[in-house]
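J.: okay, predicted coordinates and the sequence, questions at the end:
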Amino acid sequence: MKRFIFLLMILSAWLLSCGQQKPEVVVYTSTDQVFSEPVLKEFERRTGIKVHMVFDTEETKSTGLVNRLIAEKDAPKCDVFWSNDPLRVEILKQKGILAPYRSPQAQKIPDQFKDPEGYWTGFSGRIRVILINKELVSPEEYPQGIEDLLDPRWKGAFALANPLFGTTSFHVASLFVIWGDEKARDFLERIRHNGLQLASSNGEVARWVARGKVKFGFVDNDDAFSMIEEGQPVSMIIPDQNGLGTLFIPNAVALIKGAPHPETAKKLIDFLLSPLAEEKLARATCRQIPLNPEVPPPKGLPPLSSLRLMPVDYAKVARKMEEILPYLRRWIAEK
């Protein structure tokens, strides 16, 4: 009888443990795994919540996971989308895939980097920079802005990443909104005729500059710093500080509508918007610039408040990105 009671106690304990599943959350992120995973692991360590992470590829940055979220709209498998730019979350908002959530951690983030209806919130981000091979270009010749790509002296000597993906698509769509369609299309046609070298990613642009395949290219500041820290003969310029301004690209986090784990999802969003998460991203090799003014900027970059930024309406840029996709596909095919 004692043995029976003992076995019954073990069985009861086992059944109870089965009913107490460890809390979990599923996050899709287009931010590079090498930068996002340590932040998510820190959340896991601090909270005990298991984080299931799904990462995007470099070549289809953001678009791959966006398409997956659209496909899963009627049966969501994801709780939180951590995008490496606000453009994709705006697209998902417009397609009815997000749920509003106003995190208490968002109070110190400037309103311009938050959705007014609470569907997404921005945090630490990157700026678009010009990476220059300083063995091929002297300081007095350094290009200073986006329209230098039209200068005949740089014919065939500059590069951009594929504008269908990642932050280059964000950059191009922003130009269409700011300049208007006619000027933006004319700009793209003229840089093509000026010998634009089209790479698969910002990382490839940075490697081409470092190897001297091209003299300069537009990349994100994390791509530039990776080459600098490798000891490559490159220099970084923050463009258009006397004109249009540089494009700032914040991360953005959003709650998925119908998320399987909404409460743990909100806890993860709160963590990503916290000063701790922004500080980790600033100190990481990606050197992202915090949006919380209490968190100091990363080494080698000024505070965001001291920079001239391109004026960006994220909702308009998101709509424009979808509108110009057919044109961009034709433009690339003709390239």
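T.: Perfect, I can see it now. Residues are numbered from 1 along each chain as shown.

J.: gap between the two ends of stretch 214-222?
T.: 19 Å (CA to CA, to the nearest Å).

J.: what lies in contact with that stretch?
T.: Stretch 214-222 is touched from outside by 32, 35, 126-133, 136-137, 143, 146, 154, 157-161, 167-168, 171, 197, 199, 202-203, 205-206, 208-209, 236, 239, 249, 285-288, 301, with contacts defined as CB atoms under 8 Å, 6 or more residues apart in numbering. Every residue, glycine included, has its C-beta placed from N, CA and C.

J.: likewise for stretch 104-120?
T.: Applying CB under 8 Å, 6+ apart, the contact partners of stretch 104-120 are 83, 86, 89-90, 93, 98-102, 121-123, 250, 252-254, 269-271, 273-274, 291-294, 314.

J.: now do the same end-to-end measure for that stretch.
T.: 13 Å.

J.: chain neighbours aside, what residue packs nearest to Gly212?
T.: Once flanking residues are discounted, Gly212 sits nearest to Asn133: 5.5 Å by CB to CB, 6 or more residues apart in numbering.

J.: distance from stretch 308-321 to the middle of the chain?
T.: Once both centres are worked out by CA atoms, centre = their mean, to the nearest Å, stretch 308-321 turns out to sit 14 Å from its chain's centre.

J.: how about stretch 141-152?
T.: The answer for stretch 141-152 is 25 Å, by CA atoms, centre = their mean.

J.: return the set of buried residues in that stretch.
T.: 143, 145-146, 148-149 (16 or more other CB atoms under 10 Å).

J.: likewise stretch 234-242?
T.: 234-240.

J.: what mean pLDDT does it have?
T.: For stretch 234-242, mean pLDDT rounds to 97.

J.: stretch 33-41 too?
T.: Here the average pLDDT along stretch 33-41 is 95.

J.: looking at the protein, which strand is longest?
T.: Criterion DSSP state E: the longest strand present in the chain is strand 121-133.

J.: and that strand, C-alpha only, in CSV?
T.: Extracted in CSV, the C-alpha atoms of strand 121-133 (Å, rounded to 0.1, in the frame of the first residue of the first chain):
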residue,chain,number,x,y,z
THR,A,121,7.1,51.7,-31.3
GLY,A,122,10.6,52.5,-32.5
PHE,A,123,13.7,52.0,-30.5
SER,A,124,17.5,52.1,-31.2
GLY,A,125,18.4,52.6,-34.8
ARG,A,126,21.1,53.1,-37.5
ILE,A,127,21.9,55.9,-39.9
ARG,A,128,22.7,55.6,-43.6
VAL,A,129,26.3,56.6,-44.2
ILE,A,130,28.7,56.8,-47.1
LEU,A,131,31.6,54.3,-46.7
ILE,A,132,34.7,55.4,-48.7
ASN,A,133,37.9,53.6,-49.6
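
J.: so where is this structure shaky, pLDDT-wise?
T.: The model of the chain has pLDDT under 70 over residues 1-20, 57-62, 335.

J.: how does it divide into domains?
T.: By the assignment in automatic domain parsing, the chain contains the domains 23-125+250-305, 126-247+320-334.

J.: quick check, distance from the first one to the centre of its chain.
T.: Using CA atoms, centre = their mean, the distance from the centre of domain 23-125+250-305 to the centre of the chain it belongs to is 9 Å.

J.: straight-line length of it, end to end?
T.: Domain 23-125+250-305: ends 39 Å apart by CA to CA.

J.: all helices for the stretch 201-335 of the chain, in order.
T.: For the stretch 201-335 of the chain, applying DSSP state H, counting those that start in this stretch gives helices covering 202-211, 221-229, 262-272, 275-283, 314-334.

J.: of the ones you listed, which is nearest Leu307?
T.: Checking these against Leu307 by CB to CB gives helix 221-229 as the closest, at 11.1 Å.

J.: between helix 275-283 and the closest one, find me the angle.
T.: Calculated by axes from the mean of the first three to the mean of the last three CA atoms, to 10 degrees, helix 221-229 forms an angle of 50 degrees with helix 275-283.

J.: just the strands in the stretch 151-300 of the chain please.
T.: 158-161, 197-199, 216-220, 234-237, 248-256 (DSSP state E, counting those that start in this stretch).

J.: before we move on, back to that, quick check: angle from the longest strand of the chain to helix 314-334?
T.: Between strand 121-133 and helix 314-334, the angle comes out at 40 degrees (the same axes, to 10 degrees).

J.: what angle sits between strand 121-133 and strand 248-256?
T.: Going by the same axes, to 10 degrees, strand 121-133 makes 140 degrees with strand 248-256.
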